[in-house]
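Student: Model the structure of this input:
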Amino acid sequence: QVFPSQDPLDRADFNAVEYINALFPTEQSLANIDEVVNKIRLKIRRLDDNIRTVVRGQTNVGQDGRQALEEAQKAIQQLFGKIKDIKDKAEKSEQMVKEITRDIKQLDHAKRHLTTSITTLNHLHMLAGGVDSLEAMTRRRQYGEVANLLQGVVNVLEHFNKYMGIPQIRQLSERVKAAQNELGQQILADFEEAFPSQGTKRTGGPSNVLRDACLVANVLDPRIKQEIIKKFIKQHLSEYLVLFQENQDVREALQAPWPGLDKIDQRYAWIKRQLVDYEEKYGRMFPAEWCMTERIAVDFCHITRAELSKIMRTRAKEIEVKLLLFAIQRTTNFEGLLAKRFSGCTLADGTGKKPEVPPPSTNPFLEDETGPETDEIVMEKSDTDKPKKPKVPDNPFHGIVSKCFEPHLYVYIESQDKNLGELIDRFVADFKAQGPPKPNVDEGGAVLPSCADLFVYYKKCMVQCSQLSTGEPMIALTTIFQKYLREYAWKILSGNLPKTTSSSGGLTITSLLKEKEGSEVAKFTLEELCLICSILSTAEYCLATTQQLEEKLKEKVDTSLMERINLTGEMDTFSIVISNSIQLLVQDLDAACDPALTAMSKMQWQNVEHVGDQSPYVTSVILHIKQNVPIIRDNLASTRKYFTQFCIKFANSFIPKFINHLFKCKPISMVGAEQLLLDTHSLKMVLLDLPSIGSQVVRKAPASYTKIVVKGMTRAEMILKVVMAPHEPPVVFVDNYIKLLADCSTDTFQKILDMKGLKRSEQSSMLDLFRLRLPAPPPGGDGSGSLSLSAPTPEQESSRIRKLEKLIKKRL
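Tutor: Numbers count the residues shown, from 1 in each chain. Purely as a prediction, here's the structure:
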């Protein structure tokens, strides 16, 4: 560790044999043995010399160490003596300094005590003189001088809190408290004299004495200030209570207006005049920090709220929607005016109760809430996933009066219920009058205009209601929204879906053979297909918009009520409409292909003599697909995912039906099976191209759809390949069946035997063999059907299958 070395001789696990083998790995290397031995001897001599030198150098070390230790001990003794001398000298110096500064400390303490005594005597002199002056000025009502003097006396008195045990100091403190009480009672009496509470007329007026009295009240107990404010505001608003009271006799005597909701403007006009009058007459009498103008307005709001609540409770049956909205609009305008004029600082103190402020809200359909009459709905999804930062309410006076209207908003909710019912009825009548939308392939499936109208009205109602209340009325409005979303889904969307007819014209083999391209018409007309797509697009729009409507309603409503807003049932209703629309499109195309499949199953496949082009029934199926699918695709251009669902559902419906009809084709000759295999391959290619058939823009089909088609049609091809295989020997035939189809069902095996046209006795032995072979099936291979059948098949059958594959490749 001290002297790191790479020499193998220095290693702890040194092995002499390994070291020698490393020096002489081969017999040829032994030729250098003399040279290696000489090097080792030289190294040994050097090590001996080094050891000898080190040993000799250590002979005098012990003597030198003892000598160095003695010298170190002598140096320590000398150092210790010097430190002791320094310590003794320091103690003597400290004692000398203490003797010198003893008198100075006594002088410092005396000076500090003398300064404190002088300061205290000065404060005592000021306090005694201030108390005498305060009592004299109080008697003379010199409030201007008292305001400044009282504050000074109170501040000086704070210095004597620790001397309250002295009788003279305690006496002065009691005189100050008595003077403060006397001032408070005197100021209240002066205000009572200037502004008597009896009667409605103010006999007094502003004066400099009262203005100075207000300054004194700022220094006194806060209860004095609150009492002055309370009495003044009560006297100032006493006229309002008389003018707008509900007593008919008093109103007629004073010629006052009827205090109903239709006269609510007169209430607000009255307070505006009173505030202007106050500013002119009393604006300078009260200190600015008292905010008397705002306090008068706030008290007026509380009185008005109570009066309006009482009026609406007694005349609840007479309230109309227009009158209620008129009153709410005027009230919210007045609250907005208060917010522009005042800061709302008095809402948190004892003179007023801060109104409940609605939570921050954003417009659910448009960025700005200033235009509720807008006819367009902008539903952006980009910002819905971001958490919204709560906003500080701009209007602290919101709800200070308008809160009284909330218990009566049921009138508004009932009105909206009625209006929405009429709106839905108008949508139904307009649809019947105008008929289904005209097909317009260029624009794709258009959303029904009534859908946008409905959500525009919803947006208007939601914004309006959120301005009135964010509590229970919003929940009631949400219930109304849910009701008419369901009605729109059933009456407008589901109610106008075309009805399927039970009768469908069948195709005979003769008519199928004579069928010309374009002669077959789908069960639904072009207009009906466009209508279904339009309803599907509308339902998708309603689904997305309803989801965003739910989010915006939760933003508008109080936090405690958010859980009660749930539009999941309505979204499920629109999802059902979408599913039904897709199912109709699938059934229509499926039913159009049924006659062709029926014709396929009725053909005499055992009489087919040669393999030709695709059969007429395949041409008929392709014709129907080319007629329907481009129309559906173009009309669902805006909802691509639902077009994909249509394709998947059609494939899941058509392919099993095609296989079932394939089983009905019996018996089948070898040539007939080859023709069916060719037809199956043609249908497979058409189905793979189904999403983009007839389109100028070729898109790759979705992987989920391609997987379904390949799996289903490959099974049909495997069935035909099994039918083409010879049934002799039976064991090979059964093994090939299990390998190709991997189907352990005896019913499927029975159907294939029927397709081959085997007799019942032959089928019985085959079925027995099939059941015996099931417990130990051979491992499935990934090779093609032709390869799996080529080994056990005679040369003739093998050549026929290869010929068929060449024919298919030629067509491709």
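
Student: need the contact list for residue 614.
Tutor: 678-679, 682 (Cβ atoms under 8 Å, 6 or more residues apart in numbering). Glycine gets a C-beta too; all of them are placed from N, C-alpha and C.

Student: Can you give me the distance of it to residue 679?
Tutor: 6 Å (Cβ to Cβ, to the nearest Å).

Student: I'd like the contacts of residue 614 laid out as a markdown table, including neighbour count and distance to residue 119.
Tutor: Below are the contacts of residue 614 laid out as a markdown table (neighbours: other Cβ atoms under 10 Å; distance: Cβ to Cβ, whole Å):
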| residue | neighbour count | distance to residue 119 |
| --- | --- | --- |
| 678 | 21 | 121 |
| 679 | 23 | 119 |
| 682 | 20 | 116 |
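
Student: Sitting in helices, which of these do you find?
Tutor: Cross-referencing those against helices under DSSP state H gives 678-679, 682.

Student: now, which of those residues sits nearest residue 294?
Tutor: Proximity of these to residue 294 (Cβ to Cβ) peaks at residue 682, which lies at 86.3 Å.

Student: wait, that closest one sits on residue 618?
Tutor: Yes: at 5.3 Å, residue 682 and residue 618 qualify as touching, with contact defined as Cβ atoms under 8 Å.

Student: Do a quick rundown of the strands in the stretch 101-250 of the chain.
Tutor: When assigned using DSSP state E, counting those that start in this stretch, the stretch 101-250 of the chain turns out to have no strands.

Student: Okay, helices next: where are they in it?
Tutor: Ranges of helices within the stretch 101-250 of the chain are 143-158, 167-194, 208-219, 222-236, 238-243, 248-254, based on DSSP state H, counting those that start in this stretch.

Student: Residue 66: which of those is closest?
Tutor: Of those, nearest to residue 66 by Cβ to Cβ is helix 143-158, at 80.0 Å.

Student: the helices in the stretch 451-600 of the chain, which residues?
Tutor: Along the stretch 451-600 of the chain, the stretches classed as helices by DSSP H, counting those that start in this stretch are 472-487, 509-513, 526-556, 568-602.

Student: What's the mean pLDDT across the shortest one?
Tutor: Per-region confidence: helix 509-513 scores 37 on mean pLDDT.

Student: now do the longest one
Tutor: When pLDDT is averaged over helix 568-602, the result is 91.

Student: Now it: buried residues?
Tutor: 570-571, 573-574, 577-578, 580-600, 602 (16 or more other Cβ atoms under 10 Å).

Student: who does that helix touch, helix- and strand-wise?
Tutor: Judged by 3 or more Cβ pairs under 8 Å, 6 or more residues apart in numbering; DSSP states H and E, helix 568-602 is in contact with helix 472-487, helix 509-513, helix 526-556, helix 616-635, helix 640-664.

Student: Adding mean neighbour count and distance to residue 493 as columns, could you present the ones you listed in TSV?
Tutor: As requested, the helices and strands packed on helix 568-602 are exported to TSV (neighbours: other Cβ atoms under 10 Å; distance: least, Cβ to Cβ, whole Å):
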stretch	mean neighbour count	distance to residue 493
helix 472-487	20	10
helix 509-513	15	37
helix 526-556	22	5
helix 616-635	22	15
helix 640-664	19	14
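
Student: which of those has the lowest average pLDDT?
Tutor: When I compare those, helix 509-513 is least confident, with a mean of 37.

Student: Buried deepest among the helices of the stretch 101-250 of the chain, which one?
Tutor: Sort the helices of the stretch 101-250 of the chain by mean neighbour count, taking mean count of other Cβ atoms under 10 Å, and helix 208-219 sits at the top with a mean of 19.

Student: quick one: contacts of it?
Tutor: 141, 143-144, 146-147, 150-151, 154, 183-184, 187, 190-191, 194, 224-225, 228, 284-287, 290.

Student: Same check on stretch 762-770?
Tutor: Stretch 762-770 is contacted from outside by 727, 730-731, 733-734, 737, 746, 749-750, 753-754, 758, using Cβ under 8 Å, 6+ apart.

Student: What is the most widely separated pair among those residues?
Tutor: 731 and 754 (20.3 Å).

Student: The two: which has the busier surroundings?
Tutor: residue 754 (18 against 12; other Cβ atoms under 10 Å).

Student: Let me know the next secondary structure element after the helix or strand harbouring the more buried one.
Tutor: Element membership of residue 754 [criterion: DSSP states H and E] is helix 746-756. Counting by DSSP H and E, the next helix or strand C-terminal to helix 746-756 is helix 760-773.

Student: Could you check the angle that following helix makes with helix 746-756?
Tutor: Angle of helix 760-773 versus helix 746-756, following axes from the mean of the first three to the mean of the last three Cα atoms, to 10 degrees, is 140 degrees.

Student: Just the C-alphas of helix 760-773, formatted as PDB.
Tutor: C-alpha atoms of helix 760-773 as PDB (Å, rounded to 0.1, in the frame of the first residue of the first chain):
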ATOM      1  CA  ARG A 760     -74.300 -40.200 -44.900                       C
ATOM      2  CA  SER A 761     -72.400 -43.400 -44.400                       C
ATOM      3  CA  GLU A 762     -69.100 -41.700 -45.500                       C
ATOM      4  CA  GLN A 763     -69.900 -38.700 -43.300                       C
ATOM      5  CA  SER A 764     -70.500 -40.900 -40.300                       C
ATOM      6  CA  SER A 765     -67.100 -42.600 -40.500                       C
ATOM      7  CA  MET A 766     -65.500 -39.100 -41.100                       C
ATOM      8  CA  LEU A 767     -67.200 -37.700 -38.100                       C
ATOM      9  CA  ASP A 768     -66.000 -40.600 -35.900                       C
ATOM     10  CA  LEU A 769     -62.500 -40.200 -37.200                       C
ATOM     11  CA  PHE A 770     -62.700 -36.400 -36.600                       C
ATOM     12  CA  ARG A 771     -63.700 -37.000 -33.000                       C
ATOM     13  CA  LEU A 772     -60.800 -39.400 -32.500                       C
ATOM     14  CA  ARG A 773     -58.300 -36.900 -34.000                       C
END
